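**Student:** sequence first, predicted model second:
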Amino acid sequence: MHTKNTTQRLASLLALTAALAGCGGGSDKTATPAPPAPPPPPAAAPVSVSFVQSANNVLEPSSSEPLSVNVSTNGSAAPNGTAATFAVNPSTAGTLAPVAPTTVGGVASTTLTVSSLPPTATFQVTATATSSANSASDSLTYYVRPAHKPLQVLVPAYFTATGTSSPWATLTSGATSYPDVQINVIASTNSGILTASTKEDTDLTTAVKAFRAVSGTSNRVIGYVATSSSSGGTLSVADVKATIDNYIRLYPKLLDGFFLDGMATDSARVAYFQDIYNYVKGLTSGMSTGASAPGTPLLVGNPGTYPVPAYAAVADTLVTYAGNSAAYQNVDPQPSSTWVYAKANTAQAMLVHSASTCTEMQAAVKNANRPRLNTGMVYATNLAIGAPWSALPTYWPQLLGTVDALNKERTLPLC
């Protein structure tokens, strides 16, 4: 009996001890935390990775962009929790958070943040996923452009300045209505070839003065300069410099720079345009006191398409598209002309004709404003090939209103 009672008491004591332990009894009230769950094992089937293509691969310093990859195994969405590791190359170009997100529904997502001063205008982001069967990766190329500047308008004013109904009067009234939109007007006389015998166009002088007199604006007027003759032959550098000198002689203090038409696109003529560029930049008198900066006249070159990169150094702005509206929707500097991203958007201009409706004009302007096009000077007209710059477009006020709305991130005006 004694042995039996002892056994019963011992069993009761053990049961009580277990109950106290289960109830958190004892002097130590802190429970030991459970160990973290182990990471999910790699998928057993062959894995594949593909980026969800971003609509925008041209970013600005300090900007952020969401990134996602599709991860699949055997052609189906990878199990939830499958890890994908992201990396930036070079690593100093930006950061990713998180670096190794796991999949949900076969998609792994992270956020890319570009460095405030990226060391290169181009970098890659790579995503990698691993299974027990294989490792797979995919990459995206990104470009970094300087911070976006407000859109400007570049007007080829190759029309008469004579009479009260001249397009110059409409141009000036538009500048009055939209003082926040910077308008750069290309004034043309004598087909851009001025000699010692060329006379002043007094109507043009009056029109330019009226345009420049619009208060509260930063508008500019530049002189149209041909680089080839009417027969198509190339003008000498001396002839081009003479035209520039005669513009200054005939229209002193009225011009902020010059527009060089017929700029080449290949490297053979870079030295020719470099000579002219240096000459214009060396002008210290006779230019408008309202120029972009004293002693630094604006020089716009018109190759009409993307030239070799060297031309970016011989003009402040390049017209990288001059043509019809429909074709402009397919223009793309990638992959052959990505050098444009090293320049501000105002270093590129487009001149679009045959945009027959206001809606087509707005589509062209919005296209130019996309980071991928990186174009900061715009113009569109409903006039067609043959004489596209002989008058202002019928939707001139809406063109200015569209630029103004895009700059202020407002709803576009109704057409």
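**Tutor:** On my side now, so go ahead. Residues are numbered from 1 along each chain as shown.

**Student:** okay, and for the stretch 201-350 of the chain, where does confidence drop off?
**Tutor:** 289-295 (pLDDT under 70).

**Student:** which residue ranges of it form strands?
**Tutor:** Taking DSSP state E, counting those that start in this stretch, the strands of the stretch 201-350 of the chain run over residues 220-225, 257-261, 298-302, 317-324, 348-353.

**Student:** before we move on, what about the stretch 51-200 of the chain?
**Tutor:** Going by DSSP E, counting those that start in this stretch, the stretch 51-200 of the chain shows strands at 58-59, 64-73, 76-77, 84-89, 94-97, 107-114, 122-130, 135-144, 152-157, 183-187.

**Student:** residues near residue 68, how many?
**Tutor:** 17 (other C-beta atoms under 10 Å). C-betas here are computed from N, CA, C, even on glycine.

**Student:** same thing with residue 109?
**Tutor:** With other C-beta under 10 Å as criterion, residue 109 counts 16.

**Student:** which non-adjacent residue is nearest it?
**Tutor:** residue 68 (4.5 Å; C-beta to C-beta, 6 or more residues apart in numbering).

**Student:** over to residue 64?
**Tutor:** residue 113 (4.6 Å).

**Student:** find me the pLDDT at the one you found, would you?
**Tutor:** Note for residue 113: predicted pLDDT of 97.

**Student:** rounded mean pLDDT for stretch 164-178, please.
**Tutor:** Stretch 164-178 comes out at a mean pLDDT of 95.

**Student:** buried set for that stretch?
**Tutor:** By neighbour count on 16 or more other C-beta atoms under 10 Å, the buried set for stretch 164-178 is 166, 167, 168, 169, 171, 172, 174, 175, 178.

**Student:** and stretch 129-139, by the same measure?
**Tutor:** Applying 16+ other C-beta under 10 Å to stretch 129-139 flags 129, 130, 131, 136, 137, 138 as buried.

**Student:** farthest-separated two in these?
**Tutor:** 131 and 138 (15.0 Å; C-beta to C-beta).

**Student:** quick revisit: ok, so of the buried residues of stretch 129-139, who is nearest residue 54?
**Tutor:** residue 138 (12.5 Å).

**Student:** returning to that earlier point: ok, the residue nearest to residue 64 - contacts?
**Tutor:** Counting by C-beta atoms under 8 Å, 6 or more residues apart in numbering, residue 113 touches 62, 63, 64, 94, 95, 96, 97.

**Student:** who wins for most neighbours among these?
**Tutor:** residue 94 leads the contacts of residue 113 on contacts (other C-beta under 10 Å) with 23 neighbours.

**Student:** report how many residues lie close to the residue nearest to that residue when sequence neighbours are not counted.
**Tutor:** Nearest residue to residue 94 in three dimensions, chain neighbours excluded: residue 114, at 4.6 Å (C-beta to C-beta, 6+ apart). When neighbours are counted by other C-beta under 10 Å, residue 114 registers 20.

**Student:** what do you get for the one 3 residues further on?
**Tutor:** Residue 117 is surrounded by 9 other residues when neighbours are defined as other C-beta under 10 Å.

**Student:** distance check, it against residue 181.
**Tutor:** Applying C-beta to C-beta, to the nearest Å, the value for residue 117 to residue 181 is 31 Å.

**Student:** equivalent analysis for residue 376, please.
**Tutor:** Residue 376 is 12 Å from residue 181, by C-beta to C-beta.

**Student:** just residue 153 next, same as before
**Tutor:** With C-beta to C-beta as the criterion, residue 153 and residue 181 are 6 Å apart.

**Student:** what's the answer for residue 229, then?
**Tutor:** For residue 229 relative to residue 181 (C-beta to C-beta), the value is 35 Å.

**Student:** residue 224 now?
**Tutor:** 21 Å.
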